[in-house]
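1. What shape does this take:
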Amino acid sequence: MVKERADWEKYHERLVRQVKDYEKAKASFAEEKAKFDSDRKSEEWGREGLMGKLRAAEELLAKERADWKKIYEKDNQRMYAAQAKITELEGQVAELKGKIEDVHADREHAEV
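-> This next block holds a predicted model:
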């Protein structure tokens, strides 16, 4: 009976030690799981924050592109109008030069 009792006490001590080891491992696992969940949430929030910044930058870029297109179209129209006016004025200058040459020719012809 003493041997059985000694075996039972050894078995009991071993079980108690295993339960304590299990409790330590369980607590360690819970800590690691909490840290993992925290890190995962931080990464998700970071990713969501970066995605938000990316969307804001894309919207700003789209708005700037639209503004640039409007400005470009206005400048284009102004440039075409200026080019047309320059061409018209060059034509008038050529016409006036032709008239001046005719007047000079008439003067020279009248003086002779």
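
2. All the helices of this protein, residue numbers only.
-> For the chain, helices defined by DSSP state H occupy the ranges 2-111.

3. low-confidence ranges in it?
-> Applying pLDDT under 70 to the chain flags residues 1-2, 112.

4. Run a quick neighbour tally on Ser28.
-> 10 (other C-beta atoms under 10 Å). C-beta coordinates here come from the backbone N, C-alpha and C atoms, glycine included.

5. swap that for Val93, please
-> 10.

6. same deal with the one 3 residues further on?
-> In terms of burial, Leu96 registers 10 neighbours under the definition other C-beta under 10 Å.

7. Leu89 versus that one, what's the distance?
-> 10 Å (C-beta to C-beta, to the nearest Å).

8. And for His109?
-> His109 sits 30 Å away from Leu89, going by C-beta to C-beta.

9. Could you do Lys70 as well?
-> From Lys70 to Leu89 the distance is 29 Å (C-beta to C-beta).

10. cool, and Tyr11?
-> Taking C-beta to C-beta, one finds Tyr11 at 113 Å from Leu89.
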